[in-house]
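In: what follows is a predicted protein model with its sequence.
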Amino acid sequence: MSEKITFKELVELIAEQSRQSQASANSFIHELVGIIESGLKSSGSVSISGFGKFELRWMNERTGTHPQTGEEITIPAQNKVVFKPYKALREEVNKPYSFLKTRLIREEYEEIPAGFEEDEAEEAGKKNTGISGVSSTAFKKGEKDLPTVDELLIIHDNPHFSGGKRIPKIDTSIPLPKPLALPDEDKMAGEVQKSGSFKWSYAAAVIIALIAFLLLFYMMQNAGEPELAQTPQQTEQELTSPPAPAIEGEDVAAEPDDAAVPDADGVMADEGTEQTVQTEFTTETYNVEPGQSLWTIAESRLGNPYLWPLLYHLNSNVLDNPNQLPAASDLNIPRLSNSDNLNSFEREQVALGYFSLYEWNRVNNPEEARYFLWAVGVFSPDLLDSPPSQVNPDDLAFARNR
Amino acid sequence: MNQSELIDRLSEQTGNTKTKTKELLGNAIDVLTKQLMNGNGVSVPNLGTFSTKVNPEKKVYNPHYEAYMLVPEKRVVEFTPAAGLKDDVKFIGNKDE
């Protein structure tokens, strides 16, 4: 890299490529150079397609300092030869860096203390201006890093960006054409529905079949007793919440059906107040395959990639850095009632996931941490009001006022 | 002077056909580009030196978005004209002379 090849080597290479003698290649180059010079003299510019354009640029008289004596001298007006590479050459030369894209940063970053940048650069193992931090370093390594919410949110932060066509200009490196949940709940539900791909009707069918089987089982056990219809519900109720009145038992029995029929917010709130709240996920173990990220797993298993913080939260014993997923590790994957319409417990868990991401980023990536806090508020505004641990008041204000 | 004028004059001087000249020029440019692509500098006598350098990432203000943008690192071609060429063309078109 970045060594200089001699003219002799250049002539050899050209002779080889065009299957000519070195002498003729040599004279060809000399002719070319002579013509370029005479072209510059006669018309002031010489253009070579696919390469670039040599141009004369007239520089006006100016004053400068003598580099050795330091005294002020007048530099007379004169021509300067400039070379403007054409696009093909520019792109070829920039190829090793072409995956890096211009991205929007916030004005507030101006105020980052200098000490922080150094720390981060050391951590990243590479001199980096520190702004792009962890994610940018990951891109440099060429990993398909899982997209983080903050990168996405940066785009949405500015109202101009909702114009759609501007987005690719800003950051095409993020493989996320879909916006994350917007503050507006309705819109969020819309997005979630669009991105949800898991066939929940099948899951609902399975659950209903299970319930039917259970009912049958209890009916057989209690055959002979007069109130056949009432019994299974009561048994079900005993299993889940013994102190609750019988009417709520019906709610519990009916709950799995909600998977098929999208639940209204009101019903979810009722469940919350009536103490029939779900307190734990049924989980299954999932073995991570090479090339997967929390994002892709959340997309395939939970039906919505934006729920990946939930996986991070539930597997905090295995995962430390949310941007790194050890291959072949076993993850607990929760079974959600309906990924298109989370119940209040699930929302809270997702919010907790975002909160743990916020905590992680506060240590490792402070200037982007608050976007995670904002996402906490999107999923569970209550959690924002009473955070599980200390939050930065600035971040909190930011999360609330978005 | 554009590409076709350049080819015309080159073929005149070297005695090759235009097609042949075009091919030769293309090969020479290919080799140059390839060297620059690998980060090698190339100096051509009487013309100048082509080299590459990496511009570090920088922060710029975008007035349209009213926000700062981070422009990533970029490798660019640099050209330093040879002293002979520089002196030869220095005062061409100068109205004072």
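Out: Yep, it's here.
In: list the buried residues for stretch A:34-52?
Out: By neighbour count on 16 or more other C-beta atoms under 10 Å in any protein chain shown, the buried set for stretch A:34-52 is A:35-37, A:39-40, A:44-49, A:51-52. C-beta coordinates here come from the backbone N, C-alpha and C atoms, glycine included.
In: how far away from the center of its chain is the helix or strand encompassing B:D88?
Out: Using DSSP states H and E, B:D88 sits in helix B:83-89. Between the centre of helix B:83-89 and the centre of its chain there are 16 Å (C-alpha atoms, centre = their mean, to the nearest Å).
In: OK, contacts around the residue nearest to the spatial centre of chain B?
Out: Residue closest to the mean C-alpha point of chain B, counted by C-alpha atoms, centre = their mean, is B:F79 at 6.1 Å. By C-beta atoms under 8 Å, 6 or more residues apart in numbering or on different chains, the residues touching B:F79 are A:G52, A:V81, A:V82, A:F83, B:G48, B:T49, B:F50, B:S51.
In: and the strands in chain B?
Out: Secondary structure of chain B (DSSP state E): strands at B:41-44, B:48-55, B:58-62, B:67-71, B:74-81.
In: please, where are all the strands along the stretch 201-350 of chain A?
Out: Using DSSP state E, counting those that start in this stretch, the strands of the stretch 201-350 of chain A run over A:283-287, A:330-334.
In: angle of the first one against strand A:330-334?
Out: Using axes from the mean of the first three to the mean of the last three C-alpha atoms, to 10 degrees, the inter-axis angle of strand A:283-287 relative to strand A:330-334 is 140 degrees.
In: show me what counts as buried in stretch B:13-23.
Out: B:Q13, B:T14, B:N16, B:T21, B:K22.
In: if we check chain A, which of these are in contact?
Out: Restricting those to those touching chain A (C-beta under 8 Å from any C-beta of the partner chain) yields B:Q13, B:T14.
In: low-confidence stretches in chain B?
Out: The model of chain B has pLDDT under 70 over residues B:93-97.
In: mind naming the longest helix for it?
Out: For chain B, the helix with the greatest residue count under DSSP state H is helix B:18-37.
In: which SS class is the nearest residue to the residue nearest to the centre of chain B once chain neighbours are set aside?
Out: Using C-beta to C-beta, 6 or more residues apart in numbering or on different chains and skipping the chain neighbours, the partner closest in space to B:F79 is A:F83 (3.4 Å). Look at A:F83: counting by DSSP: H, G, I helix; E, B strand; the rest coil, its state is strand.
In: in contact with A:F83, which residues?
Out: Neighbour list for A:F83: A:G52, A:K53, A:F54, A:E55, B:G48, B:F50, B:V77, B:F79, B:P81 [criterion: C-beta under 8 Å, 6+ apart].
In: repeat for A:S98
Out: With contact set as C-beta under 8 Å, 6+ apart, A:S98 has these partners: A:E91.
In: roughly how far does it sit from A:N365?
Out: 25 Å (C-beta to C-beta, to the nearest Å).
In: one more: A:P388?
Out: Taking C-beta to C-beta, one finds A:P388 at 20 Å from A:N365.
In: neighbour count winner among these two?
Out: Set A:P388 next to A:N365 and count neighbours by other C-beta atoms under 10 Å in any protein chain shown: A:N365 wins out with 19 against 12.
In: shaky segments in chain A?
Out: A:1-2, A:106-201, A:223-278.
In: let me see the domain layout of it.
Out: A:7-96, A:99-177, A:200-273, A:283-401 (automatic domain parsing).
In: convert the C-alpha atoms of stretch A:77-92 to PDB, please.
Out: The C-alpha trace of stretch A:77-92 is given here as PDB (Å, rounded to 0.1, in the frame of the first residue of the first chain):
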ATOM      1  CA  ALA A  77      -0.400  35.600 -11.000                       C
ATOM      2  CA  GLN A  78       0.200  32.400 -12.800                       C
ATOM      3  CA  ASN A  79      -1.400  29.200 -14.100                       C
ATOM      4  CA  LYS A  80      -1.700  26.200 -12.000                       C
ATOM      5  CA  VAL A  81      -2.200  22.700 -13.500                       C
ATOM      6  CA  VAL A  82      -5.100  20.900 -11.800                       C
ATOM      7  CA  PHE A  83      -6.300  17.300 -12.400                       C
ATOM      8  CA  LYS A  84      -9.900  16.500 -11.800                       C
ATOM      9  CA  PRO A  85     -10.500  12.800 -11.600                       C
ATOM     10  CA  TYR A  86     -13.700  11.600 -13.200                       C
ATOM     11  CA  LYS A  87     -16.300   9.600 -11.400                       C
ATOM     12  CA  ALA A  88     -15.100   6.200 -12.600                       C
ATOM     13  CA  LEU A  89     -11.600   6.900 -11.200                       C
ATOM     14  CA  ARG A  90     -12.900   8.500  -8.000                       C
ATOM     15  CA  GLU A  91     -15.100   5.500  -7.300                       C
ATOM     16  CA  GLU A  92     -12.400   3.000  -8.000                       C
END
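In: buried ones in that stretch, by neighbour count?
Out: Quick answer for stretch A:77-92 (16+ other C-beta under 10 Å): A:Q78, A:N79, A:V81, A:F83, A:P85, A:L89, A:R90, A:E92.
In: export those to CSV and tack on distance to B:M69?
Out: Listed next are these as CSV, based on distance: C-beta to C-beta, whole Å:
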residue, distance to B:M69
A:Q78, 36
A:N79, 35
A:V81, 32
A:F83, 27
A:P85, 23
A:L89, 25
A:R90, 19
A:E92, 24
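In: before we move on, back to that, residues in contact with the helix holding B:D88: which ones?
Out: For helix B:83-89, contacts defined as C-beta under 8 Å, 6+ apart pick out A:E37, A:L40, A:K41, A:L56, A:N79, A:K80, A:V81, B:N46, B:L47, B:G48.
In: mind listing which of these are in helices?
Out: A:E37, A:L40, A:K41.
In: restrict those to those near chain B?
Out: A:E37, A:L40, A:K41.
In: name the nearest of those residues relative to B:N2.
Out: Using C-beta to C-beta, A:L40 is the member of those that sits closest to B:N2, with 13.2 Å.
In: I'd assumed A:V82 was in contact with the closest one.
Out: No. Under the criterion of C-beta atoms under 8 Å, A:L40 is not in contact with A:V82, lying 10.6 Å apart.
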